[in-house]
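**Student:** let's see this in three dimensions:
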Amino acid sequence: MSVNINTVYQRVQSIANKEQRGYITPLEFNRFANQSQLDTFEQYFYDLNQFVRIGGNDTRHADMVTGIEEKIALFEVFNTSLGDYNSATDCYDLPSALHKLSTVSYIETAGIEGTFYECEYVNKKDLKLILTSNLTLPTTTRPIYVRQGSKINVYTGKTTSPYFTELLTDDLIEIDYIKQPTEVNWGYVLDANDDALYNSAASTNFELHPSEEPNLVIKILELAGIAMKSPDVYQVADKENMEDIQQQKT
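**Tutor:** Down below sits the predicted model:
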């Protein structure tokens with residue numbers, strides 16, 4: 001499930017070239033396309049927060065909360081092992097494509113093999129306080145983790161003083177997360193006249209939900225209109241975008 005990049009490219013060029021308004025080079029299009037995909041993707045989380053507060057409805061196809069969650073679900077990754085503990089940086093490294101961390105789980109091997117315990121997030125400021133009180137110490141069944149940028153540290157319980165330990169064992173931590181969209185690319189080859197011809201083998205489609213195709217065309221045209229200093233292209237695209245937003249949030 002994706003949006004074909006060549007379909008968007010052709011539509012953008014057709015609108016931009018109408019009445020000789022201008023031509024968008026493949027390099028420019030790819031820059032605008034990636035910015036538009038990231039803007040659309042990031043907007044999901046703001047929209048979800050808004051519609052959750054408003055509340056959904058009982059319909060299957062007109063419930064905005066369900067619709068946005070369906071779009072975000074395309075980027076959800078489950079049961080990803082963090083692999084080896086990185087002794088050089090004293091942490092577990094998170095995937096480079098990670099956008100939002102959903103859950104961290106500890107696989108307990110001393111008891112029933114394959115038993116998962118979800119780790120509770122704590123911030124670095126509270127970690128020392130948590131580890132100095134017997135009432136708040138992590139346990140085997142209630143582990144905790146702290147995140148610092150692109151790495152995490154996991155703490156669990158043990159039977160001897162100080163009754164907690166940082167987990168340093170390989171392949172015992174799994175995460176669920178939302179990944180970033182893959183960078184798109186309209187690949188091409190040059191013909192005898194040095195015109196760019198679409199090359200599907202060298203192209204990468206948008207990872208967004210197919211329903212986002214019109215929105216991507218509008219967003220790319222907005223950026224193109226600014227780059228070409230063509231107010232009419234920008235204004236038409238901006239008008240369409242504002243109408244879509246107003247319709248969705250009315």
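**Student:** quick one: least confident helix or strand in this protein?
**Tutor:** Lowest by mean pLDDT, DSSP states H and E among the helices and strands of the chain is helix 231-249, with a mean of 51.
**Student:** for the lengthiest helix in the chain, packing partners?
**Tutor:** If you go by DSSP state H, the chain has its longest helix at helix 26-54. Under the contact criterion of 3 or more C-beta pairs under 8 Å, 6 or more residues apart in numbering; DSSP states H and E, helix 26-54 touches helix 5-17, helix 64-73, helix 213-227. Placement of C-beta: from N, CA and C, glycine included.
**Student:** now do 6 Å
**Tutor:** helix 64-73, helix 213-227 (3 or more C-beta pairs under 6 Å, 6 or more residues apart in numbering; DSSP states H and E).
**Student:** how much space between the residue nearest the centre of the chain and Val154?
**Tutor:** By C-alpha atoms, centre = their mean, the mean C-alpha position of the chain lies nearest to Gln180, the distance being 3.3 Å. The spacing between Gln180 and Val154, counted by C-beta to C-beta, to the nearest Å, is 23 Å.
**Student:** Asp90 too?
**Tutor:** Where Val154 is concerned, Asp90 sits at a distance of 12 Å (C-beta to C-beta).
**Student:** more crowded one of those two?
**Tutor:** Val154 (24 against 11; other C-beta atoms under 10 Å).
**Student:** so which bits of the helix or strand containing that one are buried?
**Tutor:** Element membership for Val154 (DSSP states H and E) is strand 151-157. Across strand 151-157, burial judged by 16 or more other C-beta atoms under 10 Å covers Ile152, Asn153, Val154, Tyr155, Thr156.
**Student:** what angle sits between the longest strand seen in the chain and helix 26-54?
**Tutor:** In the chain, with assignment by DSSP state E, the single longest strand is strand 98-108. Here strand 98-108 runs at an angle of 60 degrees relative to helix 26-54 (axes from the mean of the first three to the mean of the last three C-alpha atoms, to 10 degrees).
**Student:** helices and strands around strand 98-108, which ones?
**Tutor:** Helices and strands touching strand 98-108, by 3+ C-beta pairs under 6 Å, 6+ apart, are strand 115-118, strand 173-179.
**Student:** now distance to Tyr44 too, for the ones you listed, in a markdown table please.
**Tutor:** Shown next, in a markdown table, are the helices and strands packed on strand 98-108 (distance: least, C-beta to C-beta, whole Å):
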| stretch | distance to Tyr44 |
| --- | --- |
| strand 115-118 | 24 |
| strand 173-179 | 9 |
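**Student:** residues near the residue nearest to Tyr198 when sequence neighbours are not counted, how many?
**Tutor:** For Tyr198, ignoring the flanking residues on the chain, the nearest one in space by C-beta to C-beta, 6 or more residues apart in numbering is Asn6 at 5.0 Å. Residues contacting Asn6 under the criterion other C-beta under 10 Å number 15.
**Student:** do you know the pLDDT at Asn6?
**Tutor:** Note on Asn6: pLDDT of 97.
**Student:** low-confidence bits of this protein, can you list those?
**Tutor:** 18-22, 54-62, 109-114, 227-250 (pLDDT under 70).
**Student:** let's go with 80 and repeat that
**Tutor:** Applying pLDDT under 80 to the chain flags the ranges 1, 17-23, 52-64, 108-114, 170-171, 226-250.
**Student:** pull out the buried positions in stretch 125-132.
**Tutor:** Residues of stretch 125-132 classed as buried: Ile130, Leu131 (neighbour count, 16+ other C-beta under 10 Å).
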